[in-house]
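**Student:** Sequence first, predicted coordinates after that:
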Amino acid sequence: MEITTREQDGITIIDISGRLDASNSKEAENIILAAEGEESKVILNLENLEYISSAGLRVLLLSAKKARSGHGKICIVSLTENVKDVFEISGFSAIFEIADNLEEGIKMVLLAC
C-alpha cells in the first residue's frame, strides 16, 4: 500500500494505492484520521486501490464517523471494479458519497459545504 496526501481547493486529497488490509490498516487509519478535523474536507482517491479487506473497510468506516462528528465532509472517488463490488456487497455504497472521478468529487465536497 502507498498513501500520498495533497491539498487542492481547500480539500485534502488522500491517494491510496495497492492493497488496504490488516497488514497496513493501522498506518492508513493514522494518516486518514490525522487529515480530518473540525469541518474538514477530505477526498479518498481509490483509483489505484486493487484490494480492500474488512480491516480496510473498518478504517474507512472510522473516517466516515469522524467526519460526521466533526461536521466535516468525506467523499470517495474512482473506485476500481473489485473495490466497487466490495462496497456494494458490504453496504458501504450507502455510507459514503462516491464520485466517478476526482473532479466530480471536488464538486460534491465544495457544494456540500
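**Tutor:** On my side now, so go ahead. If you're wondering where the values come from, they're calculated on a predicted model, not measured in any experiment. Numbers count the residues shown, from 1 in each chain.

**Student:** Break down this structure into its strands, ranges please.
**Tutor:** Under the criterion DSSP state E, strands of the chain are mapped to 2-8, 11-20, 41-52, 73-77, 97-99.

**Student:** So, low pLDDT: which residues of the protein?
**Tutor:** Applying pLDDT under 70 to the chain flags the ranges 113.

**Student:** quick check: longest helix of it.
**Tutor:** If you go by DSSP state H, the chain has its longest helix at helix 54-69.

**Student:** Run the chain-centre distance for that helix.
**Tutor:** 8 Å (CA atoms, centre = their mean, to the nearest Å).

**Student:** Quick check: which helices or strands does that helix pack against?
**Tutor:** Applying 3 or more CB pairs under 8 Å, 6 or more residues apart in numbering; DSSP states H and E, we find helix 54-69 packed against strand 11-20, helix 25-35, strand 41-52, strand 73-77. All C-beta atoms are positioned from the backbone trio N, CA, C, and that covers glycine.

**Student:** Residue 44 is in contact with residue 73, correct?
**Tutor:** No - judged on CB atoms under 8 Å, residue 73 makes no contact with residue 44 at a distance of 11.7 Å.

**Student:** Tell me which of those two has more neighbours.
**Tutor:** Taking neighbours as other CB atoms under 10 Å, residue 73 and residue 44 compare with residue 44 leading, 27 against 21.

**Student:** burial count for the residue nearest to the more buried one when sequence neighbours are not counted?
**Tutor:** In this structure, residue 44 finds its nearest non-sequential neighbour in residue 76, 4.8 Å apart by CB to CB, 6 or more residues apart in numbering. For residue 76, the neighbour count with other CB under 10 Å is 25.
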